[in-house]
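# structure, please.
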Amino acid sequence: MKNVSNGDLPSISVIVPSYNNRRFIAQAIESLLQQTYPRHLIEIIAVDDGSTDDTPDVLKEFGDEIVCVYQDHRGIAATRNAGFALAGGAIISFLDSDDVWYKDRLEKVSQKFLEIPHAAMVYHPVELIDSSGATISRTFHQQYGYRQQGLSGRLTSEIASGAIFSGGSAFSCKREVLGNVFPIPEDIQRGADYYMNVIASCHGSIEYIPEVLGKYRLHDHNLTMSQGPVDIDLLIGMNKDFAHTRQRVMEKLSEIAACSPNLAMIKRMRAKEMIFCDVLTGRRFQGIKRIPELFQDNPNLNELLRGIIVSAMALFFPVFLFPQIIEGHKFLKRIKMVPF
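Presented below is the predicted three-dimensional model:
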């Protein structure tokens, strides 16, 4: 699709990455086909990452309504890269294949970009639903304690620190801005949307739409945001993967002078994740040696408190208590009893 327009309306490419998600992908695509935005200005690109279920068969049922890409299993970053390489819209959105959008989502996003031409990105709150589609929480950020939702402006530090939920289905970005981001390093296994949104935020302002325009689905296969007990193996994998993603973010930010002040904060976050990995894999002494990294380069009060807690866990707490401590922290964050 070319960068065509309908009067002043921009074309929009929606990329739907998928892997073994036959249960939900049809609902995701149907929510795109039901958009109130002019259909000829919407390009839908579904990228299947080597699914071993019948996801490809589900995609084929949509015929020429969508563009389908089938590739060997290469991971989420490679899947996003493949979609972006084909996208021709002036605005790019990613819809996770287990999520859905309200029918006026693209219309509202386009309107915000037209109202604020200098905006690089637009985002909005999302509803949290379960596997059946029932509402868990009206807004995702309330359920998980994200405190700074609703902000507009230059928000790199807020996204990088996790103060703002950076889930891919909540954000849209100008294609010209994402040209500074892609390709995403394909060794990123978790947090590809985090990488994309942090780097993109360095290239312009982010504008907020104060309306719930999508639904984030919580189910047994997206364990990163699970509300249930977290086991040791999952904790190790998550911390290892996110530490690697933050390393890739730091490498990219080091090339962008305006965003370099965020490097120290991200480095401290990575140190926390590496400490957890070390302790959980039986290398407690190595983790303890990393503790000074939590306090380098003038951390703010919240970071100091986090550093003290992580230090205490590394020094004194047995490994089997880590999941319970983390679950307790998640609960306190949801009820706003802790600021980080």
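# could you use CA atoms for every contact and neighbour count after this?
Fine.
# who touches stretch 64-83?
Residues outside stretch 64-83 that contact it (C-alpha atoms under 8 Å, 6 or more residues apart in numbering): 15-18, 43-51, 56, 59-60, 182-190, 192.
# all strands for the protein, in order.
Remark: strands assigned in the chain by DSSP state E are 5-6, 9-10, 12-18, 42-49, 67-71, 91-94, 100-101, 119-123, 126-129, 135-137, 171-174, 205-208, 214-217.
# list the helices and strands the longest one packs on?
On a contact count with 3 or more C-alpha pairs under 8 Å, 6 or more residues apart in numbering; DSSP states H and E, strand 42-49 meets strand 12-18, helix 55-60, strand 67-71, helix 76-86.
# to residue 198, which of the ones you listed lies closest?
helix 76-86 (14.7 Å; C-alpha to C-alpha).
# can I get the strands of the chain in JSON lines including mean neighbour count and distance to residue 324?
JSON lines is the format used below for the strands of the chain (neighbours: other C-alpha atoms under 10 Å; distance: least, C-alpha to C-alpha, whole Å):
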{"stretch": "strand 5-6", "mean neighbour count": "12", "distance to residue 324": "53"}
{"stretch": "strand 9-10", "mean neighbour count": "18", "distance to residue 324": "48"}
{"stretch": "strand 12-18", "mean neighbour count": "27", "distance to residue 324": "32"}
{"stretch": "strand 42-49", "mean neighbour count": "24", "distance to residue 324": "34"}
{"stretch": "strand 67-71", "mean neighbour count": "17", "distance to residue 324": "39"}
{"stretch": "strand 91-94", "mean neighbour count": "25", "distance to residue 324": "34"}
{"stretch": "strand 100-101", "mean neighbour count": "26", "distance to residue 324": "32"}
{"stretch": "strand 119-123", "mean neighbour count": "25", "distance to residue 324": "33"}
{"stretch": "strand 126-129", "mean neighbour count": "22", "distance to residue 324": "23"}
{"stretch": "strand 135-137", "mean neighbour count": "15", "distance to residue 324": "22"}
{"stretch": "strand 171-174", "mean neighbour count": "24", "distance to residue 324": "32"}
{"stretch": "strand 205-208", "mean neighbour count": "21", "distance to residue 324": "35"}
{"stretch": "strand 214-217", "mean neighbour count": "25", "distance to residue 324": "24"}
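# longest helix anywhere in the protein?
helix 232-253 (DSSP state H).
# ok, back up a step: a markdown table for the strands of the chain, including mean pLDDT?
Output for the strands of the chain, formatted as a markdown table (pLDDT from 0 to 100):
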| stretch | mean pLDDT |
| --- | --- |
| strand 5-6 | 52 |
| strand 9-10 | 97 |
| strand 12-18 | 98 |
| strand 42-49 | 99 |
| strand 67-71 | 97 |
| strand 91-94 | 98 |
| strand 100-101 | 98 |
| strand 119-123 | 97 |
| strand 126-129 | 90 |
| strand 135-137 | 82 |
| strand 171-174 | 98 |
| strand 205-208 | 96 |
| strand 214-217 | 93 |
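# ok, which of the ones you listed comes nearest residue 30?
Closest to residue 30 of these, according to C-alpha to C-alpha: strand 100-101, at 8.4 Å.
# hmm, who's touching the closest one?
Against strand 100-101 from outside (C-alpha under 8 Å, 6+ apart): 27-29, 31-32, 213-216.
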